[in-house]
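**Student:** Mind looking at a prediction? Sequence and model below.
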Amino acid sequence: MYPNSEYSQPSYGQPPPPAPPVAGVPPSHMIYAGQWSTGLCDCTSDVSNCCLTCWCPCIPFGQIAEILDKGTTSCAVHGALYTILLLFTGCQCIYSCMYRSKMRQQYMLPEEPCNDCLLHCCCEPCAMCQEYRELKHRGFNMSLGWHGNMERQNHAAVTPPFAPAGMKR
């Protein structure tokens with residue numbers, strides 16, 4: 001593209017360039033297009049999320065889905081649908097797999113270590129923990145949901161600089 005551009009191709013041995021900014025998504029640091037920020041089995045890097053995902057997966061799934069849907073459906077609705085599928089069919093992994101695919105498309109992430117559906121059918125807690133960590137590393141506060149994150153981002157952008165009152169010429 002452009003030789004001095006921030007988004008040009010890296011030289012041999014250098015890390016890839018950062019992902020271009022996406023409208024409506026909080027900026028992040030050190031996240032590269034085409035890479036997951038953490039590995040699939042790095043669950044212990046966020047123990048509280050790991051425990052919550054293992055014991056009550058509907059909550060982190062709802063949070064992930066709300067953010068990926070950009071707030072069109074609430075965390076509670078996604079969590080309820082996930083729970084209904086879990087209790088009555090046992091096929092909740094198909095539902096959660098769709099959101100992993102959506103996340104990969106939005107952030108240009110590779111389908112690794114295997115197919116999304118296979119990953120969610122065989123190791124759903126690890127996959128959901130990785131997705132949760134990915135969104136956190138991309139600047140989302142998962143407990144705020146989509147609308148809370150957008151308010152936080154807009155508030156941070158509108159806050160005027162602070163100057164001490166005692167300054168005089």
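**Tutor:** Thanks, I have the structure now. Numbers count the residues shown, from 1 in each chain.

**Student:** In space, what's closest to the spatially most central residue of the chain - neighbours in sequence excluded?
**Tutor:** Taking Cα atoms, centre = their mean, the centroid of the chain lies closest to L135, which sits 1.9 Å from it. Among residues not flanking L135 along the chain, I67 sits closest, at 5.7 Å (Cβ to Cβ, 6 or more residues apart in numbering). C-beta: built from backbone N, CA, C; applies to glycine.

**Student:** Identify each buried residue in stretch 135-150, please.
**Tutor:** Within stretch 135-150, the residues that qualify as buried are L135, K136, R138, F140, M142, G145, W146, N149, M150, counting by 16 or more other Cβ atoms under 10 Å.

**Student:** would you put the C-alpha positions of it in CSV?
**Tutor:** Below are the C-alpha coordinates for stretch 135-150, written out as CSV (Å, rounded to 0.1, in the frame of the first residue of the first chain):
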residue,chain,number,x,y,z
LEU,A,135,-13.1,-9.1,23.8
LYS,A,136,-11.5,-7.9,27.1
HIS,A,137,-8.1,-7.5,25.3
ARG,A,138,-9.8,-5.5,22.7
GLY,A,139,-10.9,-3.0,25.3
PHE,A,140,-14.4,-4.1,26.3
ASN,A,141,-15.5,-4.2,29.9
MET,A,142,-17.6,-7.3,29.7
SER,A,143,-19.8,-6.5,32.7
LEU,A,144,-21.0,-3.2,31.1
GLY,A,145,-22.4,-4.8,27.9
TRP,A,146,-22.4,-3.1,24.5
HIS,A,147,-24.3,0.1,25.5
GLY,A,148,-22.2,0.6,28.6
ASN,A,149,-19.0,0.2,26.6
MET,A,150,-20.2,2.7,24.0
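
**Student:** Distance from the chain centre to that stretch, please.
**Tutor:** From the chain centre to the centre of stretch 135-150 is a distance of 8 Å (Cα atoms, centre = their mean, to the nearest Å).

**Student:** So for it, mean pLDDT?
**Tutor:** The average pLDDT within stretch 135-150 is 91.

**Student:** returning to what we had before: and the residue nearest to L135, that one's in a helix?
**Tutor:** Yes: applying DSSP: H, G, I helix; E, B strand; the rest coil, one finds I67 inside a helix.

**Student:** Packing partners of the worst-scoring helix or strand of the chain on mean pLDDT?
**Tutor:** Every helix and strand in the chain was compared by mean pLDDT, DSSP states H and E; the lowest is helix 145-158, with a mean of 82. The elements that helix 145-158 packs onto, with contact taken as 3 or more Cβ pairs under 8 Å, 6 or more residues apart in numbering; DSSP states H and E, are helix 58-68.
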